[in-house]
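# following is a predicted model, sequence given first.
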Amino acid sequence: MSKYLDAALYKLLAITAVLATLGCGASSGKAPASPVTKAQSDGGWSSGGGELLKDSHNPWFLKKREKVSYCIRVESGATNLSEIEIQKTFEAATKFWRSEFSAAILPDYLENDRVTLGKQDFVRVSCAADPALEIRFGPLTLGEARKLGSSSEYAAITLRTSYDRQKLVGKGLIVFTPQMHDVNGLAMPVDLWSHQSSLSLYLAMVHELGHVYGIPHLGNRGELMSESFVEDVLRSARENSLMKEDRHFFTFTKGGQRRCPEGLGAEILKSRWKEAFNLSADFACLRFQFAHEASNEILGRSLLKVFESASPTAREDLVATAELSLSSYFPYFTNQMWITPEQEFFPFEERSQYQPPYLFLFGLYSVSKTGSFELRRDAQKRALRVLFTQGAYNYSVETVIDNQIVSIF
């Protein structure tokens, strides 16, 4: 099945796009409302806070902007990272989104790269060359702060400062505040952005670039584009508990982490696992590992392997294998682009065909895949259903026990 879907599907099933901010912050979730709304309606500014429909959620760059200039500006004392280290982190973040957008489900009028999202080449230039994107470590200027309103609660923020409504091209900056900074009263470590080999900066950079690509805040806490994501990253960095996990947005998890239940509810969950997979008496942990069809990860086949172990570090044994195929899918979020009346990007007949002023760009889907597995110690087979959700880290696994559908992961 193609990952390009008929535009009619979007018109029938589309849910109104989430009204969240393009700017962001590692903050308490509070956002300056009226100052930003004014800024959005004056000169193309958009950021966290007030909402102005129309182009405030548009991607900054589309196919005809195949190369994007950017610069790195580091104010004195703002970070102990070198510009080369910052550049490498930025390049890794753009690589992440290039890979993720390759798995996005797109409407059919974006087929054959007629519109390309997330695949532009970023070319570093001097900040004196007036690039399309500035990566800054340091405070906002007085003018920027006046446009934005209070910015003291943010550790990182994306600001679109202008938007060409003919060429559909944005311009702006991503600002990372100085390393000696409190976020909502929470003191940050001195090595704020270099913490754990710059992992905190990488995760914040990925999040902020998501806004540049037109993705608003969405999802539950801890998920990549959630409103509190950067704050959560910094809180974990402060507590030395930041983990390099399987991060994804359009792609699905590969699993791979052992789960060893403890505390309240652990025995109930472990009893379900034991009955579902006929596990050993001394098992303590379970691990789910997925392999997805390379050519069509989202709607294609997946292979699930389940492993048990007696402890978090003990040798694992394979207990079940299941081939999964697509059962159903539906969009829970659709991203729309406002097509300005004066734009020159899309031909007139194309715009009229897809009912301007809004054009669907991509959706986030919940995808159900089903299969069956054979129990290790007898010939009985069990049905299995896995629900994957784009934009979220979690997934759920269900099977049938005693003629009842039971959640086991």
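Nice, thanks for sending it over.
# only C-alpha atoms for contact and neighbour calcs from this point on.
Fine.
# remind me, longest strand of this protein?
strand 317-338 (DSSP state E).
# got the buried residues for that one?
By neighbour count on 16 or more other Cα atoms under 10 Å, the buried set for strand 317-338 is 319-326, 329-338.
# the residue nearest to residue 57 when sequence neighbours are not counted and residue 76, how far apart?
Nearest in space to residue 57, with sequence neighbours left out and distances taken as Cα to Cα, 6 or more residues apart in numbering, is residue 214 at 5.3 Å. In this view, residue 214 and residue 76 are 31 Å apart by Cα to Cα, to the nearest Å.
# what about those two, which has more around it?
residue 214 (23 against 10; other Cα atoms under 10 Å).
# torsion angles phi and psi at that one?
Main-chain torsions, residue 214, degrees, to the nearest 10: phi 90, psi 10.
# residue contacts, the residue nearest to residue 57?
22, 57, 58, 59, 60 (Cα atoms under 8 Å, 6 or more residues apart in numbering).
# could you pick out the one among those with the lowest pLDDT?
Of all those, residue 22 carries the smallest pLDDT score, 36.
# which secondary structure element contains residue 230?
helix 229-238 (DSSP states H and E).
# what is that helix packed up against?
The helices and strands touching helix 229-238, judged by 3 or more Cα pairs under 8 Å, 6 or more residues apart in numbering; DSSP states H and E, are helix 195-212.
# quick one: classify residue 56 as helix, strand or coil.
helix (DSSP: H, G, I helix; E, B strand; the rest coil).
# compute the number of surrounding residues for it.
Count around residue 56 with other Cα under 10 Å applied: 24.
# for the contacts of residue 214, pick the one with the most neighbours.
Within the contacts of residue 214, most neighbours by other Cα under 10 Å means residue 22, with 29 neighbours.
# which helix or strand in this protein has the lowest average pLDDT?
Lowest by mean pLDDT, DSSP states H and E among the helices and strands of the chain is helix 34-40, with a mean of 29.
# what comes up buried for the following helix or strand past it?
Using DSSP H and E, the helix or strand that directly follows helix 34-40 along the chain is strand 67-74. Buried residues in strand 67-74, counted by 16+ other Cα under 10 Å: 68, 69, 70, 71, 72, 74.
# which parts of this structure belong to which domain?
19-238, 255-407 (automatic domain parsing).
# what is the mean pLDDT for the last one?
Mean pLDDT, taken over the full extent of domain 255-407, equals 87.
# can you redo the contacts of residue 214 as a markdown table with distance to residue 263?
Listed next are these as a markdown table, based on distance: Cα to Cα, whole Å:
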| residue | distance to residue 263 |
| --- | --- |
| 22 | 39 |
| 57 | 43 |
| 58 | 46 |
| 59 | 45 |
| 60 | 47 |
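# distance check, residue 94 against residue 405.
From residue 94 to residue 405 the distance is 41 Å (Cα to Cα).
# correction: the previous question concerned residue 209.
Taking Cα to Cα, one finds residue 209 at 40 Å from residue 405.
# more neighbours, these two?
Using other Cα under 10 Å, the more surrounded residue of residue 209 and residue 405 is residue 209, with 19 against 13.
# quick one: the helix holding residue 230 to helix 195-212, angle?
180 degrees (axes from the mean of the first three to the mean of the last three Cα atoms, to 10 degrees).
# and helix 229-238, which residues are buried?
Under 16+ other Cα under 10 Å, the buried positions of helix 229-238 are 229, 230, 231, 232, 233, 234, 235, 237, 238.
# can you give me the neighbour number for the residue nearest to the fifth one when sequence neighbours are not counted?
It stands for residue 233. Excluding its sequence neighbours, the residue lying closest to residue 233 (Cα to Cα, 6+ apart) is residue 200, at 6.2 Å. Per other Cα under 10 Å, the neighbour tally for residue 200 reads 24.
# does residue 200 really touch residue 194, like I thought?
Yes - taking contacts as Cα atoms under 8 Å, residue 200 lies within contact range of residue 194: 7.0 Å.
# shared neighbours of these two, anything?
In terms of Cα under 8 Å, 6+ apart, residue 200 and residue 194 are not both contacted by any residue.
# for the stretch 301-409 of the chain, which segments count as strands?
302-309, 317-338, 358-374, 381-389, 395-401, 404-407 (DSSP state E, counting those that start in this stretch).
# equivalent analysis for the stretch 51-200 of the chain, please.
67-74, 106-107, 121-124, 133-137, 156-164, 169-176, 182-183, 186-187.
# tabulate those strands in JSON lines, adding columns for mean pLDDT.
Converted to JSON lines, these look like this (pLDDT from 0 to 100):
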{"stretch": "strand 67-74", "mean pLDDT": "95"}
{"stretch": "strand 106-107", "mean pLDDT": "74"}
{"stretch": "strand 121-124", "mean pLDDT": "95"}
{"stretch": "strand 133-137", "mean pLDDT": "96"}
{"stretch": "strand 156-164", "mean pLDDT": "90"}
{"stretch": "strand 169-176", "mean pLDDT": "92"}
{"stretch": "strand 182-183", "mean pLDDT": "58"}
{"stretch": "strand 186-187", "mean pLDDT": "62"}
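# what sits against residue 360?
10, 107, 334, 335, 336, 337.
# for the residues you listed, which one is nearest residue 159?
Nearest to residue 159 among the contacts of residue 360: residue 337, at 17.9 Å, using Cα to Cα.
# what bridges to the closest one?
Beta-bridge pairing for residue 337 (DSSP bridges): residue 359.
# tell me the SS of residue 270?
From three-state DSSP, the assignment for residue 270 is helix.
# which residues touch it?
261, 284.
# can you tell me how far it is from residue 375?
Counting by Cα to Cα, the gap from residue 270 to residue 375 is 16 Å.
# gap between the residue nearest to residue 204 when sequence neighbours are not counted and residue 208?
Leaving out its chain neighbours, the residue that sits closest to residue 204 by Cα to Cα, 6+ apart is residue 230, at 5.5 Å. The spacing between residue 230 and residue 208, counted by Cα to Cα, is 9 Å.
# joint contacts of these two?
The contact sets of residue 230 and residue 208 overlap at residue 156 (Cα under 8 Å, 6+ apart).
# phi, psi for residue 301 please.
Dihedral angles (degrees, to the nearest 10) for residue 301: phi -80, psi 150.
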